[in-house]
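> I need the structure of the sequence given here:
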Amino acid sequence: MLKVKVNDIDIEVEEGLTILQACEIAGFEIPRFCYHEKLSIAGNCRMCLVEIEKSKKPVASCAMQVTEGMNIKTNTSFVEKARKGVMEFLLANHPLDCPVCDQGGECDLQDQSMFYGIDKSRYKENKRFVPEKYMGPLIKTQMTRCIHCTRCVRFVREVAGVPEIGAIGRGEDMQITTYLEKAMESELSANVIDLCPVGALTSKPYVFEARPWELKKTESIDVMDAVGSNIRVDTYGWEVKRILPKINEEINEEWISDKTRYSCDGLKYQRLDTPYVKKENKFKKVSWLEAFEILKNKMNLTNPEKIAGLTGDLTNMETLFASKELFSKILKSKDLESREKNIYINLSNRKNYLFNSEIKGIEKSDLILLIGTNPRHEATMLNARIRKSFLKNNTEIFSLEDLGDLTYPYKILTNTTEEVKKIIENNSEISNKVKNAKYPMVIFGETALNLSSSKYMFEGLKKFLTKNNKINEEWNAINVLPLNASAIGSYDLDIVCKTNDTLEKIKNNFFELIFLFGQDNFSFNKKNEFIVYIGSHGDKGAEMADLVLPGAAFTEQDGSFTNLEGKLQRAFKASYPPGEAKEDWVIINEISKLTGKESLFKDKNELSNAMNSYISSNKKNDNSNLFKEDFIKEKISTLPIDYYHSNVIARSSKTMNECRSIRTRLKKTGTEG
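Alright, predicted model coming up:
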């Protein structure tokens, strides 16, 4: 530890910290534009100048490390004059756009100019003009406002791994640009909007929509994938205007994917706002009373063995538990399933279906093996951590197939189950690498878990890792990467058919009455089944339904989601369901009364308490080895994901549709990275 003095306060700091970090530890905020905790140091803006004893000139605090006995001053007249000089230069070419700038109210330059700006300018020449750049449908540019902090340049190179933004020219002619003036090909591109300290890069879909002080801000959880990124939902009235990241160092740090940020406009399109019944292949509006009467008659005429249910990918845990209680206590049916495919899941122990190494644990990993997964499209924020691990530790990464650009280099192995068998039997070079690694990670995707040999591969690798002490109290190297936000919660609640044949029976038209609880990704050839759809959007599930009961989206109800590493998180209500739509659990509660019995729950609190009691009492810690050899030689080909159309909200989003059409066009022309 080093002893330093900041404004006559003695503190101790770790060796290697910068002066700026030491000042913040002492409780003094230093203004900055180019410095960011997650990016490399550039030292461009010079706004963070401080005075150091025995130094004739002010020092850029972001670029100099502390030394023993250093005496730092941050609030002297010398420092103030230096910062005012820097601010004068920054404002010399900056346009007077504040009244029309979308960054207004959230602008670092605006805030700092209140402290260090002056009310007149000595700069008499014409202000420079920089033409607007094209960066795709998500980012609006006004590069005349740019102060050349290079945060965006460093972000796309270091975090996103797609070096498409850079600087051209020198001095006053310097410009930040995408060299080929095309849409950025990164699923993290819009994070540069949050990083930009001025209004040079703003949100194109959000342009001129609202001012920050007009918005109601609600903390929530992202449901576009299983990562569970922490977000903030901003609403104007009851319309979701934008979604921003909320800092959580253990999950998403301070970034979110473009789909998380921009699919929110899908919450206002194709919404179900009243019950519908299908007559003569056409949907007709009905009242809730009529809809429930139709359903009551159908339930009374149907044998419990002929009733099935499928839960969806965006369904919160309260709705999942309510549907489980409906099926077990009211409908007396055992055919409730949360999976869209018969992927192998061993529910005897919770560690069999979690991402056990944890997202933050990726950073210390020294070897990663990808089996049947493309993390860039399946879990963008997790992929960013893998890139961070590669840059930090030079981590060796292996994949059983060529997955294209993952934003980091990886070695391609033979994409067959035989390759995995060799690793299990210690007949592969990878076996030795795993044994010699301190913190290895094996990541199973749903593609691999859907094969005939999935049980052999998963249980075999788990046994191999346990034998070589890679699964212990400190570290667990076996990981499952699910696709859906609701997956882990449904496994915790045991919403998996024990006989493993529900999906097959649906495809064989065995059932007469099928409930779809927000399930829009499962398809089959319908015959005489009566399908009840409970959900928020008029998508695939509603199209095949005979009775549609309008539910709420994830921003319109309080709910719990368990992310891929097993953390239970709460999403809070930011707006209300449209029209006559109701919260999902309320609909299920009212369905339970149709059989003449009492409702399942008196209120939401009773439902939440019952769910939490079930989870806490349902101990999944059976370590008995059920491993049985059933190896079949198969190809492991990761199924491509339609990234911008992965769920009902994304498919309803105009912004996501525009992104999808651009990516499709780039693929056809062969210019995609």
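
> give me the number of residues near Asn589?
21 (other Cβ atoms under 10 Å). Heads up, the C-betas are built off the backbone N, CA and C, glycines and all.

> identify the residues contacting the helix or strand where it lies?
Element membership of Asn589, judged by DSSP states H and E, is helix 584-592. Applying Cβ atoms under 8 Å, 6 or more residues apart in numbering, the contact partners of helix 584-592 are 292, 295, 315-316, 318-319, 322-323, 325-326, 329-330, 517-518, 534, 549, 551-552, 557, 598-601, 604, 607.

> in strands, which of those residues fall?
The strands in this structure, assigned by DSSP state E, contain Phe517, Ile534, Leu549 from the contacts of helix 584-592.

> and the second one, how far from Thr447?
Summarising the geometry, the distance separating Ile534 from Thr447, computed by Cβ to Cβ, to the nearest Å, is 29 Å.

> those two: which has the busier surroundings?
Between Ile534 and Thr447, counting by other Cβ under 10 Å, Ile534 is the more crowded of the two (29 against 24).

> re the thing from before, turn the ones in strands among the contacts of helix 584-592 into JSON lines, columns for pLDDT.
Output for the ones in strands among the contacts of helix 584-592, formatted as JSON lines (pLDDT from 0 to 100):
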{"residue": "Phe517", "pLDDT": "97"}
{"residue": "Ile534", "pLDDT": "97"}
{"residue": "Leu549", "pLDDT": "97"}
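
> how about those in TSV, adding distance to Asn484?
Formatted as TSV, those follow (distance: Cβ to Cβ, whole Å):
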residue	distance to Asn484
Phe517	13
Ile534	17
Leu549	21
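
> and stretch 435-455, end to end?
In stretch 435-455, first residue to last residue: 22 Å (Cα to Cα, to the nearest Å).

> quick one: it to chain centroid distance?
Relative to its parent chain, stretch 435-455 has a centroid offset of 22 Å by Cα atoms, centre = their mean, to the nearest Å.

> list the buried residues of that stretch.
Residues 437, 439-451, 453-455 are the ones in stretch 435-455 that count as buried (16 or more other Cβ atoms under 10 Å).

> cool, stretch 189-202 as well?
Going by 16+ other Cβ under 10 Å, stretch 189-202 has these buried residues: 189-202.

> check contacts around the residue nearest the centre of the chain.
By Cα atoms, centre = their mean, the chain has its centre lying nearest to Ser229, at 4.5 Å. With contact taken as Cβ under 8 Å, 6+ apart, Ser229 is in contact with Ile221, Asp222, Pro245, Asn248, Ile251, Asn252, Ile256, Ser257, Thr260, Met381.

> try Glu15
Contacts of Glu15 by Cβ under 8 Å, 6+ apart are Met1, Leu2, Val66.

> lowest pLDDT pick from those?
Ranked by pLDDT, these bottom out at Met1, which has 87.

> right, and that one touches Asp10 too?
No: using Cβ atoms under 8 Å, Met1 makes no contact with Asp10, being 11.9 Å away.

> thinking again about what came up before, starting at the chain centroid, how far to the helix holding Asn589?
29 Å.

> centre of the chain to stretch 4-13, how far?
Distance, centroid of stretch 4-13 to centroid of chain: 40 Å (Cα atoms, centre = their mean).

> what sits up against that stretch?
1-3, 21-23, 25-28, 66-75.

> now which of those residues would you call buried?
Buried among the contacts of stretch 4-13 (16+ other Cβ under 10 Å): Leu2, Gln21, Ala22, Cys23, Ile25, Ala26, Phe28, Val66, Met70, Ile72, Lys73, Thr74.

> what's the separation between the fifth one and Phe321?
Between Ile25 and Phe321 the distance is 45 Å, computed by Cβ to Cβ.

> cool, the last one as well?
Taken as Cβ to Cβ, the spacing of Thr74 relative to Phe321 amounts to 53 Å.

> how about the second one?
Spatial separation of Gln21 from Phe321 under the definition Cβ to Cβ is 45 Å.

> for Thr218, same thing?
23 Å.

> more neighbours, the two?
Taking other Cβ under 10 Å, Thr218 and Phe321 do not tie; Phe321 has more neighbours (27 against 17).

> now that one, nearest residue through space, not along the chain?
Excluding its sequence neighbours, the residue lying closest to Phe321 (Cβ to Cβ, 6 or more residues apart in numbering) is Met611, at 4.1 Å.

> mind putting the contacts of Ser229 into a markdown table with distance to Phe510, pLDDT and secondary structure?
As requested, these are exported to a markdown table (distance: Cβ to Cβ, whole Å; pLDDT from 0 to 100; DSSP: H, G, I helix; E, B strand; the rest coil):
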| residue | distance to Phe510 | pLDDT | secondary structure |
| --- | --- | --- | --- |
| Ile221 | 36 | 97 | strand |
| Asp222 | 36 | 96 | coil |
| Pro245 | 45 | 96 | strand |
| Asn248 | 44 | 96 | strand |
| Ile251 | 41 | 96 | coil |
| Asn252 | 42 | 94 | coil |
| Ile256 | 42 | 96 | coil |
| Ser257 | 39 | 96 | coil |
| Thr260 | 38 | 96 | helix |
| Met381 | 40 | 96 | helix |
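
> sorry, back to before: among the contacts of Glu15, name the ones in strands.
Leu2.

> which among the contacts of Glu15 gets closest to Asp501?
Met1 (63.0 Å; Cβ to Cβ).

> how about the closest one, what does it touch?
By Cβ under 8 Å, 6+ apart, the neighbours of Met1 are Glu12, Val13, Glu14, Glu15.

> ditto for Pro95
Counting by Cβ under 8 Å, 6+ apart, Pro95 has contacts Lys127, Thr144, Arg145.
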